[in-house]
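S.K.: test case, fold it:
(2 chains, ligands or ions: 2)
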Amino acid sequence: MSMLEVKDIYKKFGKIEVLKGIDFELQRGEVLSIIGSSGSGKTTLLRCLTYLETAEEGSVFVDGNCVFDAKSEKHVSSSEARIRQLNFGLVFQSFNLFPQYTVFDNVCLAPKLLAKEREDYRANKKAIFEEIEDNARKLIERVGMTSRIDMYPCQLSGGQQQRVAIARALALNPKILCFDEPTSALDPELTGEVLKVIRSLKDGDCTMVIVTHEMNFAREVSDKIIFMDEGVIAEQGSPDILLNPKTDRLKAFLNAFNQ
Amino acid sequence: MFWEVTLNLLKGFGVTCEVFALTLLFALPLGLIISFGSMSKFKPLKLICKVFVWCIRGTPLMLQMIVIYYGPGLVGKWAQGIENPGAIIAWLASWTVFDRFVAVLVAFIINYACYFSEIYRGGIEAIPVGQKEAGQVLGMKKSQLFFKVTLLQVIKRIVPPMSNEIITLVKDTSLARIIAVYEIIYAGERFIKAEGLIWPLFYTGAFYLIFCGVLTLLFGYIEKKLDYFRG
Ligand SMILES: Nc1ncnc2c1ncn2[C@@H]1O[C@H](COP(=O)(O)OP(=O)(O)OP(=O)(O)O)[C@@H](O)[C@H]1O
Ligand SMILES: [Mg+2]
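M.R.: Ligands and ions are numbered 1, 2, ... in the order given. Below is the predicted model:
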């Protein structure tokens, strides 16, 4: 069974059709890269998956369970919405760390708030928090930020902030982790460190969807590539399509990219 | 003489402080409610709040005070003149003039709540939408988002404009003199009529200066406390 199944997603902003029928599947532990020119709808697709936008049509399945269906969307209660939200993690282009919290607290905040809803919260608060904090320390180590664990976001470089944002997203253990151009806001010297972290996640059998303009990275890390153009998937397949594109549109896109 | 004047002024200053403190106590939360109203997605509520804020900010506080002080009495008089009163008219007829101090408080609270609401609104709307989205993606509830993520960032943003407004409030309390509330200006003025002394009135300035000085230090301290993060 697929880990992620996206069926026929349509999304409009006013009169502009941004997504015109997006279908794809992803197996557990696979990495999908989405490429495409500016305005092709990549961000919108990720935002629809992570419930920041609501698609007008289509459905999404995670692990065989329906987590989004445009038809019944209005009847979803807010608590239900929050539960299914946790299927997805999202790393933003602009990091969006919480500025008033340290690296450590940024990573711990959401899990601690979530723990309050556990039935055994009152009885085991201490143990639960210790577990969350241990996990946070491990994640922070995994993204190489242990030496800056008590610093505030404004004291970190962009690359460091993005690594913390990755740890923060991982702390909720999402089934699918999405990245929206995680390195686009970074200087070239800093992209490497972030890509390295993402690469290392692949070994931890994390299912990931990555929107990126880093073609070499996409080719190396992905199991699957989707090329979007004007709201549709113009070509999809193994990373080899980046070397041997079949459609003219992808050819043109890659040519423009290499110049 | 100097001590006698000082004691008298202190008495007036006590009332000044009361107006100041009670206004803050009620206007700070009321302003937040109005700001939520004027940011509401429910159009009629939003419109009502906006028009209300416009009216209050568009007219002088002095006028508002006078209307609130004399208004209910006038309504009462008018209602008493009506024959065969229904339940509502009978109720209106029971309206009398507010207590002076209460009238001042009501006017100040409404007026400052409106100014505060605009400051809150500016502060809340200036928070990047990415903060809200990040919280939402992390499964936070709306209330958690507000209290754990947005609030402190809003506070940091609004401390400078709030300190301005609050220092203005200190001086605005002198308007209460208009409807003869015994605050410090009134206390100082009395010496002109009673003893032919003008300096007690000038002397009141020292009280304001000290009060505002303390507030300035306090807000400076708060600003510094919030300096550890940016954004
Ligand atoms: N909130 C919105 N309201 C109106 N139009 C929008 C909105 N968000 C996106 N769009 C439009 O949708 C289209 C696709 O935008 P999207 O951000 O998904 O593109 P993208 O593929 O992520 O581009 P880029 O590579 O530049 O990030 C654009 O034409 C954009 O103008
Ligand atoms: Mg984008």
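S.K.: the lowest-mean-pLDDT helix or strand in chain B: what's the following helix or strand?
M.R.: In chain B, no helix or strand scores lower on mean pLDDT, DSSP states H and E than helix B:87-93, which sits at a mean of 79. The helix or strand immediately downstream of helix B:87-93 is helix B:100-125, counting by DSSP states H and E.
S.K.: can the next helix or strand after that following helix be found next to ligand 1?
M.R.: Next in sequence after helix B:100-125, counting helices and strands by DSSP H and E, comes helix B:129-137. No: using CB under 6 Å from any ligand atom, helix B:129-137 stays clear of ligand 1, coming no nearer than 10.2 Å. C-beta: built from backbone N, CA, C; applies to glycine.
S.K.: which parts of helix B:129-137 are buried?
M.R.: Within helix B:129-137, the residues that count as buried by 16 or more other CB atoms under 10 Å in any protein chain shown are B:Gln131, B:Lys132, B:Glu133, B:Ala134, B:Gly135, B:Gln136, B:Val137.
S.K.: tell me how far the least confident helix or strand of chain B lies from the chain's centre.
M.R.: Here helix B:87-93 is found 30 Å from its chain centre; the criterion is CA atoms, centre = their mean, to the nearest Å.
S.K.: mind saving the C-alpha coords of it as PDB?
M.R.: Output of helix B:87-93 as PDB, limited to C-alpha atoms (Å, rounded to 0.1, in the frame of the first residue of the first chain):
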ATOM      1  CA  ALA B  87     -41.500  50.000  30.200                       C
ATOM      2  CA  ILE B  88     -38.500  51.300  28.300                       C
ATOM      3  CA  ILE B  89     -39.400  55.000  28.600                       C
ATOM      4  CA  ALA B  90     -40.000  54.500  32.300                       C
ATOM      5  CA  TRP B  91     -36.600  53.000  32.600                       C
ATOM      6  CA  LEU B  92     -35.000  55.800  30.700                       C
ATOM      7  CA  ALA B  93     -36.800  58.300  32.900                       C
END
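S.K.: of the buried residues of helix B:129-137, list those near chain A.
M.R.: Contacts with chain A within these, as defined by CB under 8 Å from any CB of the partner chain: B:Gln131, B:Glu133, B:Ala134, B:Gly135, B:Gln136, B:Val137.
S.K.: enumerate every residue touching the fifth one.
M.R.: Remark: with contacts taken as CB atoms under 8 Å, 6 or more residues apart in numbering or on different chains, B:Gln136 is in contact with A:Tyr51, A:Leu52, A:Gln85, B:Leu145.
S.K.: grab the nearest non-local neighbour of the second one.
M.R.: Of all residues beyond its chain neighbours, the one nearest A:Leu52 is B:Glu133 (5.5 Å), with distances taken as CB to CB, 6 or more residues apart in numbering or on different chains.
S.K.: which ones are touching that neighbour?
M.R.: A:Leu52, A:Phe92, A:Asn96.
S.K.: low-confidence stretches in chain B?
M.R.: Within chain B, not a single segment meets pLDDT under 70.
S.K.: what parts of the stretch 151-259 of chain A come near chain B?
M.R.: Residues of the stretch 151-259 of chain A lying near chain B (CB under 8 Å from any CB): A:Tyr152, A:Pro153, A:Cys154, A:Arg168, A:Ala169, A:Leu172.
S.K.: helices of the stretch 151-259 of chain A, residue ranges please.
M.R.: If DSSP state H, counting those that start in this stretch is used as the criterion, the helices of the stretch 151-259 of chain A fall at A:158-170, A:188-203, A:215-221, A:248-258.
S.K.: against A:Thr43, how distant is the residue of chain B found nearest ligand 1?
M.R.: Going by CB to the nearest ligand atom, ligand 1 is nearest to B:Val129 of chain B, at 10.2 Å. Counting by CB to CB, to the nearest Å, the separation of B:Val129 from A:Thr43 is 14 Å.
S.K.: then A:Asn135?
M.R.: Taking CB to CB, one finds A:Asn135 at 30 Å from A:Thr43.
S.K.: for chain A, which helix or strand comes out least confident on mean pLDDT?
M.R.: Least confident element among the helices and strands of chain A, by mean pLDDT, DSSP H and E: helix A:188-203 (a mean of 83).
S.K.: just the residues contacting that helix, thanks.
M.R.: By CB under 8 Å, 6+ apart, the residues outside helix A:188-203 that reach it are A:31, A:142-144, A:157-160, A:162-163, A:166, A:170, A:177, A:179, A:182-183, A:186, A:208, A:210, A:214, A:217, A:220-221.
S.K.: keeping just the C-alphas, turn it into PDB.
M.R.: What follows is helix A:188-203 as a C-alpha-only set of coordinates in PDB (Å, rounded to 0.1, in the frame of the first residue of the first chain):
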ATOM      1  CA  PRO A 188      25.100  29.100  -1.600                       C
ATOM      2  CA  GLU A 189      27.700  28.200   1.100                       C
ATOM      3  CA  LEU A 190      24.900  27.400   3.600                       C
ATOM      4  CA  THR A 191      22.800  25.200   1.300                       C
ATOM      5  CA  GLY A 192      25.200  22.400   1.600                       C
ATOM      6  CA  GLU A 193      24.700  21.900   5.400                       C
ATOM      7  CA  VAL A 194      20.900  21.800   5.000                       C
ATOM      8  CA  LEU A 195      21.000  19.400   2.100                       C
ATOM      9  CA  LYS A 196      23.300  17.200   4.100                       C
ATOM     10  CA  VAL A 197      20.800  17.000   6.900                       C
ATOM     11  CA  ILE A 198      18.000  16.200   4.500                       C
ATOM     12  CA  ARG A 199      20.100  13.500   2.800                       C
ATOM     13  CA  SER A 200      20.800  11.900   6.200                       C
ATOM     14  CA  LEU A 201      17.000  11.700   6.900                       C
ATOM     15  CA  LYS A 202      16.700   9.500   3.800                       C
ATOM     16  CA  ASP A 203      18.600   6.800   5.600                       C
END
